[in-house]
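Novice: let me see the structure of the following:
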Amino acid sequence: MAKAKAKAPRVNLANSGARLEHLLGRVFRSQSIYFYQLLGVTLFLVVFGLVMVLSASSIDALKASNNSFAIFSKQAIFALLGLVGMSAASLMTMNWWRSKAKFGYMVFMVLQLAVLFIGKDINGNRNWISVFGVAVQPSEFLKVAVVLHVSVFLSSRNTDLEAVSTWRKAGIMMAAAMILVLGGKDLGTMIIMLIMFVGLLALAGMPMKLLRLVSVATVVLIPFALTLGSSSRVGRVTAWLNPNAPDPNGYNWQSEHGMWAIAAGRIFGAGLGESKMKWSWIPEVENDFIFAVISEELGLIGALVVIGLFVALAISLFRIWKRTSDEFSRNVVSGIMIWIIFQALINIAVVLRLLPVLGVPLPLISAGGSSLIATLGAIGIVLAVERENNANPQAGRQARMPATRQLRRVR
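Specialist: As a prediction, this is how the structure comes out:
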């Protein structure tokens, strides 16, 4: 008995050493070009975003707190936390993410529900909750949680994708999250989630007949939601549809001055830090309308560079999605890819007056801690997927088709 007790610590030390060796292997093992492409574009967007947040927010921060760096300092801290979170997320195995998906979904659904009762109202939306004195937006993290949870469910029903019940259950999970977000009057986030969910279902192998019905329902639902529950929202949509009509309530103020900023930038821009519209002419200039300041200060060339960076980000995500064979990981990458890219498209389209003002930030660039940390965490999960692709290159070369197509081929 004494000998057995003496050997026990050696076993524990051996296990601890093996775990440490495994972790160090994941940290320092050389990764694929796809991993470094995604990481490089992401880091560049974050650094560029910090520079533009400093430029766009300096005047409003000076007025509010007598410190031009107040908003930038907070954003820099959020960026650091987000990058640490991204690194940690990329080191977790996809089996670990699979095991925590349901728990994460339940936690953030409860937090989003709590927002409706004890949440904080900002600009007419109740979508924030105070945690230790810091305003947190649970809906940003709920996007990640729902993608993971639904991906686990769909991968577990991979041989039953033709059944309507499979998609009904997935739709209920998604609809519950969207209803809670819409309950806080955050229409912009709800629309992003709706687009993300429809895209995820489509890429997961939803039968075409059901996909058509969902697409039609989405096209009908979005215009209806734009006019639901808020007189100011109806006013913004009406003003956007009739830009030359009288606007006594100033619904077009933000978008008009955003266009003036873009026009003032011309080809080469007024110069970094030289924006005139940021002098309190554009509300939320460091957040929803930061693309207007980018266009004014860096011109058409700067705006095209930003668009090009998001195209590069989309290509990097698509390449990882294409070479991923595991169904769960593949669904996760597709949901995150659609979320980030479509949110960027919608934000830019709003600034260009192609869409009414929806209040969604430009991913990785706009000021806002919850959005930045959640987006970086989601990209960290995609990097974790690519780590496993690189560790198993034979599987990574053959992105597996949906199971329903494989069954048809066999038959």
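
Novice: residue 273 belongs to a helix, doesn't it?
Specialist: No: Residue 273: not assigned to a helix; according to DSSP: H, G, I helix; E, B strand; the rest coil it is coil.

Novice: list the contacts of the nearest residue to it once chain neighbours are set aside.
Specialist: Closest residue in space to residue 273, ignoring its immediate chain neighbours: residue 55 at 5.1 Å, by Cβ to Cβ, 6 or more residues apart in numbering. Every residue, glycine included, has its C-beta placed from N, CA and C. Each residue near residue 55 by Cβ atoms under 8 Å, 6 or more residues apart in numbering is listed here: 272-273, 275, 278, 293, 297.

Novice: which of those sit farthest apart?
Specialist: Farthest-apart pair in the contacts of residue 55 is 272 and 278; separation 11.8 Å (Cβ to Cβ).

Novice: now the helix or strand harbouring the residue nearest to residue 273: buried residues?
Specialist: Element membership for residue 55, per DSSP states H and E: helix 33-65. For helix 33-65, the neighbour count (16 or more other Cβ atoms under 10 Å) marks 34-35, 37-39, 41-42, 45-46, 48-50, 52-61 as buried.

Novice: same deal with stretch 242-255?
Specialist: In stretch 242-255, counting by 16+ other Cβ under 10 Å, buried: 251-252, 254-255.

Novice: ok, stretch 118-125 next?
Specialist: In stretch 118-125, counting by 16+ other Cβ under 10 Å, buried: 119, 125.

Novice: export it as PDB, just CAs?
Specialist: The C-alpha coordinates for stretch 118-125 follow below in PDB (Å, rounded to 0.1, in the frame of the first residue of the first chain):
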ATOM      1  CA  ILE A 118     -32.600  45.200 -15.600                       C
ATOM      2  CA  GLY A 119     -30.900  46.300 -18.800                       C
ATOM      3  CA  LYS A 120     -29.600  49.800 -19.600                       C
ATOM      4  CA  ASP A 121     -31.300  51.900 -22.300                       C
ATOM      5  CA  ILE A 122     -28.900  53.600 -24.800                       C
ATOM      6  CA  ASN A 123     -30.400  55.600 -27.700                       C
ATOM      7  CA  GLY A 124     -33.700  53.900 -27.400                       C
ATOM      8  CA  ASN A 125     -32.400  50.300 -27.300                       C
END
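
Novice: what ranges does the stretch 151-300 of the chain have for its helices?
Specialist: Applying DSSP state H, counting those that start in this stretch to the stretch 151-300 of the chain gives helices spanning 164-183, 187-203, 208-226, 231-241, 253-265, 290-322.

Novice: residue 240: neighbouring residues, count only.
Specialist: 18 (other Cβ atoms under 10 Å).

Novice: OK, contacts around it?
Specialist: Contacts of residue 240 by Cβ under 8 Å, 6+ apart are 251-252, 255, 353, 355-357.

Novice: got the residues you listed as CSV, with distance to residue 121 and pLDDT columns?
Specialist: Formatted as CSV, these follow (distance: Cβ to Cβ, whole Å; pLDDT from 0 to 100):
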residue, distance to residue 121, pLDDT
251, 20, 79
252, 24, 83
255, 23, 87
353, 27, 91
355, 24, 89
356, 21, 87
357, 18, 85
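
Novice: among those residues, which one sits closest to residue 127?
Specialist: Among the contacts of residue 240, and counting by Cβ to Cβ, the member closest to residue 127 is residue 357, at 15.9 Å.

Novice: residue 288 is in contact with the closest one, correct?
Specialist: Yes: in this structure, residue 357 is within contact of residue 288 by Cβ atoms under 8 Å, at 7.4 Å.

Novice: list the residues that contact both of the two?
Specialist: residue 350.

Novice: quick one: low-confidence ranges for the stretch 301-411 of the chain?
Specialist: Scanning the stretch 301-411 of the chain for pLDDT under 70 picks out 394-411.
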